[in-house]
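Novice: Here is my input, please return the structure:
(2 chains)
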Amino acid sequence: MIGTIYTDTVVHLAPEAFAADVPYQVVIVTLEDGSRTTGRILGDRVAIDDRVEHVETRDGIPFFRKLP
Amino acid sequence: MRPVAVVAYGKTPFGAFPDRDLRSLAVEAGDKCLKKGHVNPSHVEAFYLGNFAGPSFVGQNHLAPYISTALGIRDVPATRFEAACASSGSAFFHAYSAVASGLYDCVLVAGVEKMTSQPTARVTEILAGAGDCSGEIKAGSTFPSLFAMIARRHMYQYGTTREDLAAVAVKNHANGALNPDAHMRKVITMDQALNARPVAEPLYLYDCSLISDGAAAVLLMPLDRARDATDKPVRILAVAQASDFVALDQKKDITTFPAVRRAAQKAYEAAGITPKDVQFAEVHDCFTIAEIVAIEDLGFIDKGCGGEFESAGMTARDGEKPINASGGLKSKGHPVGATGVAQICDIAAQIRCEAGDMQLKRHSLGLAQNLGGSGATCVVTILGQA
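Specialist: I've put the predicted structure just below:
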């Protein structure tokens, strides 16, 4: 699954369940079929228009990584 | 539908009140309002309550009769409305509709939230319940982060800057410093706003509204009976509520709130006015970006130009279109379930010339915009001199 970053944020203040991950990047990705999904970023930070690929799904949440 | 008036209002100060419980706050606001309107509680025909998360914040459910009976309002319908941060805006819309349709002649609408008894991380978690818990929230989104993603996209599409966002915070803090009931009566500088710690980039501490306790209430009557209660009735020219997707990723363009546009359009039509006619407004600045998007969607300025409009000082007290003369959610405080009715109180106080140091020069036609979640509910109210 390949997509393009529609928007992003880096979260610094999180509920307890995510406190260990701080700071982490949350994104909305536009997928190739035009639909959008909210996910997380692994590895390098991304910006709007960056291309990303789906790496894994944890608890129903897609994780993406920046494509070179 | 017949014309309806706000005949009285009452509010508690907003702030962190460790010694106050939820009910005592709501009762204080309701009591003040009933006394101001010279109305005996036994004459109230229905009680409408806005509250977002009392059960989560303080463990109490069944809140409407819990509060109405403490106010001395007995036997009549008492109902709680939940629409995230637009909970009391929605209660107000439904109360207005009931009076306008002729169902009731005297109703009390209140909003209340008691938030500060929980630590910030838990408050963040409770507020996140206003988002889509099966998707965006599970991914680690918080409310600041949802609005941060809106800000990022607004910056990308329209060139809005961090300085534009900070200008909203600086302006609303300056206004709030004049409000004796504001949670944070503190003037801040541009440097302070820009150099604060990040919450969810590109939003920093001063881009975020406050976690507050507080309550607000208004009393509604048909306009032709309003003079029994007050010599200064405020006419409700229009109230409209609209809705949209809860999840941000379901929206086509996140830099605009369709529910705000729809509610505003309906309200302008019903009131027979245009955005230009609005002299001042209280808008839902839960985050600085939310005020920028709101003034665009309300038609005060072209899409994409809200940031510049703020930075140019056009929304200041002495500007072309004063926005959030009360200090807004940013400085006045944001006890979420109380906010919608509190905005109505602030507009009514301006129209009745009772706003003290906050009083604006042009104050005969005001608008309130109350937003729930990241735009899934919006209530727009237009008030004018009777």
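
Novice: Any residues of chain B in contact with chain A? List them.
Specialist: By CB under 8 Å from any CB of the partner chain, the residues of chain B that approach chain A are B:120-122, B:124-125, B:128, B:134-136, B:138-142, B:144-145, B:148-150, B:152-153, B:156, B:197-203, B:247-250, B:254. C-beta here means a position set from N, CA and C on the backbone, and glycine is covered the same way.

Novice: is it true that B:Asp285 lies in a helix?
Specialist: No. Applying DSSP: H, G, I helix; E, B strand; the rest coil, one finds B:Asp285 to be coil, outside a helix.

Novice: which residue ranges form the helices in chain B?
Specialist: Under the criterion DSSP state H, chain B contains helices at B:22-36, B:54-57, B:63-68, B:87-100, B:120-128, B:143-158, B:162-176, B:190-194, B:223-226, B:258-271, B:288-297, B:306-311, B:328-331, B:336-351.

Novice: Would you format those as CSV with distance to A:Glu16 included?
Specialist: Shown next, in CSV, are the helices of chain B (distance: least, CB to CB, whole Å):
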stretch, distance to A:Glu16
helix B:22-36, 23
helix B:54-57, 14
helix B:63-68, 26
helix B:87-100, 25
helix B:120-128, 5
helix B:143-158, 15
helix B:162-176, 27
helix B:190-194, 28
helix B:223-226, 49
helix B:258-271, 31
helix B:288-297, 26
helix B:306-311, 34
helix B:328-331, 25
helix B:336-351, 20
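
Novice: and the ones you listed, which is most packed in?
Specialist: Comparing the helices of chain B by mean neighbour count (mean count of other CB atoms under 10 Å in any protein chain shown), helix B:328-331 comes out on top with a mean of 32.

Novice: roughly how far out does it sit from the chain middle?
Specialist: 10 Å (CA atoms, centre = their mean, to the nearest Å).

Novice: pull the CA atoms of that helix into PDB?
Specialist: Only the C-alpha atoms of helix B:328-331 are listed here, as PDB (Å, rounded to 0.1, in the frame of the first residue of the first chain):
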ATOM      1  CA  GLY B 328     -12.400  33.400  24.000                       C
ATOM      2  CA  LEU B 329     -11.800  29.800  25.000                       C
ATOM      3  CA  LYS B 330      -8.100  30.700  24.900                       C
ATOM      4  CA  SER B 331      -8.100  33.100  27.900                       C
END
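
Novice: Report the separation between the nearest residue to B:Gly327 once chain neighbours are set aside and B:His334.
Specialist: Closest residue to B:Gly327 in three dimensions, ignoring its sequence neighbours and counting by CB to CB, 6 or more residues apart in numbering or on different chains: B:Gly176, at 2.4 Å. Distance of B:Gly176 to B:His334, computed by CB to CB, to the nearest Å: 12 Å.

Novice: what's B:Tyr156 in contact with, if anything?
Specialist: Counting by CB atoms under 8 Å, 6 or more residues apart in numbering or on different chains, B:Tyr156 makes contact with A:7, A:48.

Novice: same thing but at 6 Å, please
Specialist: Counting by CB atoms under 6 Å, 6 or more residues apart in numbering or on different chains, B:Tyr156 touches A:Ile48.

Novice: swap in B:Gln369?
Specialist: When contacts are counted by CB under 6 Å, 6+ apart, B:Gln369 touches B:283-284, B:294, B:380.

Novice: Spatially nearest residue to it (excluding sequence neighbours)?
Specialist: B:Val283 (4.6 Å).

Novice: For B:Val293, see how far away the one you found is.
Specialist: For B:Val283, the distance to B:Val293 equals 9 Å [CB to CB].

Novice: Roughly how far does the closest residue to B:Gly131 other than its chain neighbours sit from B:Leu146?
Specialist: Spatial nearest neighbour of B:Gly131, excluding adjacent residues (CB to CB, 6+ apart): B:Ile137 at 4.7 Å. Taking CB to CB as the measure, B:Ile137 and B:Leu146 are separated by 9 Å.

Novice: Determine the three-state secondary structure at the residue nearest to the spatial centre of chain A.
Specialist: For chain A, the residue sitting closest to the mean C-alpha position, by CA atoms, centre = their mean, is A:Arg40 at 2.9 Å. Under three-state DSSP, A:Arg40 falls in the strand class.

Novice: And it, how far from chain B?
Specialist: Counting by CB to the nearest CB, to the nearest Å, the separation of A:Arg40 from chain B is 6 Å.

Novice: ok, B:Val234 - how many residues close by?
Specialist: By other CB atoms under 10 Å in any protein chain shown, the residues close to B:Val234 number 26.

Novice: Show me the beta-bridge partners of it.
Specialist: Per DSSP bridges, the residues bridged to B:Val234 are B:Val6, B:Gln385.

Novice: mind listing what it touches?
Specialist: B:6, B:348, B:351, B:383.

Novice: wait, doesn't the first one sit right on B:Leu219?
Specialist: The reference is to B:Val6. No. Between B:Val6 and B:Leu219 there is no contact under CB atoms under 6 Å: 7.1 Å.

Novice: Looking at those two, which one has more neighbours?
Specialist: Neighbour totals were compared for B:Val6 and B:Leu219, and B:Val6 leads with 30 against 27 (other CB under 10 Å).

Novice: Quick check: the gap between that one and chain A.
Specialist: Using CB to the nearest CB, B:Val6 is found at 37 Å from chain A.

Novice: centre of the chain versus stretch B:205-216, how much separation?
Specialist: The gap between where stretch B:205-216 is centred and where its chain is centred comes out at 11 Å by CA atoms, centre = their mean.

Novice: Output the helices of chain B in JSON lines; the columns should cover mean pLDDT and distance to A:Tyr24.
Specialist: Output for the helices of chain B, formatted as JSON lines (pLDDT from 0 to 100; distance: least, CB to CB, whole Å):
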{"stretch": "helix B:22-36", "mean pLDDT": "98", "distance to A:Tyr24": "34"}
{"stretch": "helix B:54-57", "mean pLDDT": "97", "distance to A:Tyr24": "24"}
{"stretch": "helix B:63-68", "mean pLDDT": "98", "distance to A:Tyr24": "35"}
{"stretch": "helix B:87-100", "mean pLDDT": "98", "distance to A:Tyr24": "30"}
{"stretch": "helix B:120-128", "mean pLDDT": "92", "distance to A:Tyr24": "14"}
{"stretch": "helix B:143-158", "mean pLDDT": "98", "distance to A:Tyr24": "10"}
{"stretch": "helix B:162-176", "mean pLDDT": "98", "distance to A:Tyr24": "21"}
{"stretch": "helix B:190-194", "mean pLDDT": "98", "distance to A:Tyr24": "23"}
{"stretch": "helix B:223-226", "mean pLDDT": "96", "distance to A:Tyr24": "53"}
{"stretch": "helix B:258-271", "mean pLDDT": "98", "distance to A:Tyr24": "29"}
{"stretch": "helix B:288-297", "mean pLDDT": "98", "distance to A:Tyr24": "20"}
{"stretch": "helix B:306-311", "mean pLDDT": "98", "distance to A:Tyr24": "27"}
{"stretch": "helix B:328-331", "mean pLDDT": "98", "distance to A:Tyr24": "26"}
{"stretch": "helix B:336-351", "mean pLDDT": "98", "distance to A:Tyr24": "25"}
